[in-house]
Structures are given as C-alpha cells and as structure tokens.
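Colleague: What follows is a predicted protein model with its sequence.
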Amino acid sequence: MPRRLRSLAFGLIGAALALVGALTATAARAPASLWLDKVEYVDAALFGASFGLTYRETSAREFSLTSQWTTIKAEVGSRESEINGQRVFLGEAVRVNRGRPLFSRIDADALLTPVLRPGADQARIPRVKTIVLDPGHGGRDSGKVNPRVKVQEKTLALDTAQRVQRLLAKDGYRVVLTRSKDRFVELGDRPDLARRVRADLFISLHYNSVESGADRVTGVEVFTMTPQHQYSTSDSGRDDDASARQENAGNANDHWNALLGYRVHGAMIEALKVPDRGLKRARWAVLRLAPCPAILIESGYLSNDAEARRIADPAYRQRIAVAIATGIRAYARVLDGIGAPGQARRP
C-alpha cells in the first residue's frame, strides 16, 4: 500500500477508534434510565460503575458504592446518603426496581456527578476572583435571638463575614459584603449586588434555631439551590409543585452549587467537630436569584444555649471563618485542577 494511502487508512482507523471511545465514555457516564411516578431514575450500581465505584449491598435496604478514594452510602426509601462520611440529602428517595436500587436522574447528574467528577459535561469552568459574602439579616431584622445568652444572629453573622473577608483577602480574592454595618438589605438586593460586581461566588452566612428540641439540636448545615423538578429538603411531602416546576436563575449553576456546597460543608464538619446536619436543598431568595454558584451556611444553633455560648466566643467564630475559607479554597483548587479558570473546557 502506498505510504499516503497507508497513512490515510491509519488516520481513519484512529478516528473511528476515538469515536467509539467517546461514545463508550458517554454511555458509561449516562446509564440507561426508567421512569417511576413521573420521575426519571438510573440504576445506582451502573451509575457507580461509570465512575469506577464498586456496588455492594450492606443490608436488606442499604448499599454502598466504593473506590479507593470514595465511599457513597445510601438506603432504599430514604433521601439521606453519605459521601465520604458527609451527610448529604438527595432530592428524591432511593427507589428499587426488580431488586436494583435507583438514584433519580437529577440527583445523579446535579449532585453526585459534580462531587465525583467536577466539570463533567460542563461547557465552561468558572473562575474564582470575586466573592460576595452575605451576612444574614441586619437592621430591623435581628434574625435568631437567644435572650439568655444575649446574642443576636445579625451581629454574629456580620462578625463572621468580616472574619472570612479578611482571610480571603489575604489570598488575593476580591471580597465584597452585602452589608458592612447593622442595616437591613432587601433579600433581592443581595444577589443583585453579586450580579453588579460580577461575583464568582455568593456565600450567605447565618446561624440557626429550632423551637422543638432546642436543648439537643446543634451542628452545621449547608444549603444549595434546589434543582428544577425537585422538592426542597424541608418539603418531605412533595407539596410545592409550583416551585418544583419553575426554573430559576440559581439553577444555571446546579453543578457548581453542589460542588461548592460539598466542599464547604465538608471543611466545616471536619474543622469544627460538630454534629453534621447535612448538605441540603432550598429555594430561598438569595439562592434562587443568585447569578453565580451560591450556598447558604447555618453555622450553629443559637436556640441551644451551650452552642450559643460557643458561638458568642470570638475565638470560636474565628474557627468558623477559617473553616469556611478553607472550603472555598478547596473548591477553587478543584476548578484549577480541571481547567484554566474562565476558559472553555477541553473534551
């Protein structure tokens, strides 16, 4: 065979093999699905296998997906799961079909995949240069109040935000606060500021409270925007159909919201050694309207006197701030590892 024809033949074979490989990889990332009660599901074992995770039944209803680096635990009939020891709430309870556990397609694509393979199927990798910190409440809105410990959420949230701001500014980030003093800022104005300054991250900082069980409920929880066609974590009865149908600005970053939430949540649980209240979903205004990856952090319970006293200690709030900054840095490092910030991702 002439050299030119031989070269052309090898080139065509190589292209064909590359196409087959690409199609195989795509198929591996997207296992076949089925619909149950108007929700699309994928086989959990096949989904795990596409990321190199081994499926194993650990009890009649529980199973794990494991590799050298990752362990996911889940239970049929439950929305609670664990990813590397972190408590993570799925949007849909795990279902079973013919003895095979199923993840909802949205959970597989918009929650698990961002954690397992950040940037998968994303056209662009976001950058992290400008960060907006949003101290909750302020002015006429005190937020949660513990009169026994004499603390108010609005004061603690602002102090925490200023501590995070100083830490991140030392790293070279541009950090903007939605309020820098005790004043009220309308909920819609907070994400609007992020839009005006072209923020790359929006972090809303809060402290929590419960009416029932105040003497025993403590810990940290982090919220990301609820994906379209799913129900927020608090909506266990799946009642808010109107909100579930609606697509919001915050849904444009579902992939990155999940990754950011996972990284910050994990950093806080590891550093503070407090009960893990979970990575959860909500459609609060600041998440719903956010123009960039966004999370809302509840850093502890002011309704619990013991935890409120810890939070009232400036040294403990500094620990909280360090943990939040650590999580943000971890998120930014992941982005640096999968592509140049702001540049189109290579196939």
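Modeller: Yep, it's here.

Colleague: And stretch 230-246, how far out from the chain middle?
Modeller: Stretch 230-246 has its C-alpha centroid displaced from the chain centroid by 18 Å (Cα atoms, centre = their mean, to the nearest Å).

Colleague: in it, what's buried?
Modeller: 230-233, 235, 243-244 (16 or more other Cβ atoms under 10 Å). All C-beta atoms are positioned from the backbone trio N, CA, C, and that covers glycine.

Colleague: Format the residues you listed as TSV; extra columns: distance to Gly48, pLDDT and secondary structure.
Modeller: Listed next are those as TSV, based on distance: Cβ to Cβ, whole Å; pLDDT from 0 to 100; DSSP: H, G, I helix; E, B strand; the rest coil:
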residue	distance to Gly48	pLDDT	secondary structure
Gln230	21	98	coil
Tyr231	24	98	coil
Ser232	26	98	coil
Thr233	23	98	coil
Asp235	27	97	coil
Ser243	30	97	helix
Ala244	27	97	helix
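
Colleague: tell me which of these is nearest to Ser64?
Modeller: Using Cβ to Cβ, Thr233 comes nearest to Ser64 of the buried residues of stretch 230-246, at 22.3 Å.

Colleague: thought that closest one was touching Lys280?
Modeller: Yes - between Thr233 and Lys280 there is a contact under Cβ atoms under 8 Å: 4.0 Å.

Colleague: And for the residue lying closest to Gly261 once chain neighbours are set aside, the neighbour number?
Modeller: Once flanking residues are discounted, Gly261 sits nearest to Thr224: 4.2 Å by Cβ to Cβ, 6 or more residues apart in numbering. If you count neighbours by other Cβ atoms under 10 Å, Thr224 ends up with 31.

Colleague: go on, Ala323?
Modeller: 23.

Colleague: Could you report the pLDDT at it?
Modeller: Listed pLDDT for Ala323 reads 98.

Colleague: How about Glu298?
Modeller: 98.

Colleague: What is the burial count for it?
Modeller: Neighbours of Glu298 (other Cβ under 10 Å): 21.

Colleague: Please name the bridge partners of it.
Modeller: Note on Glu298: beta-bridge partners His206, Glu221, judged by DSSP bridges.

Colleague: That one reaches Arg277, doesn't it?
Modeller: Yes - counting by Cβ under 8 Å, Glu298 does reach Arg277; the two are 7.3 Å apart.

Colleague: For Ile203, give me its contacts.
Modeller: 131-134, 164, 264, 294-295, 297, 324, 328 (Cβ atoms under 8 Å, 6 or more residues apart in numbering).
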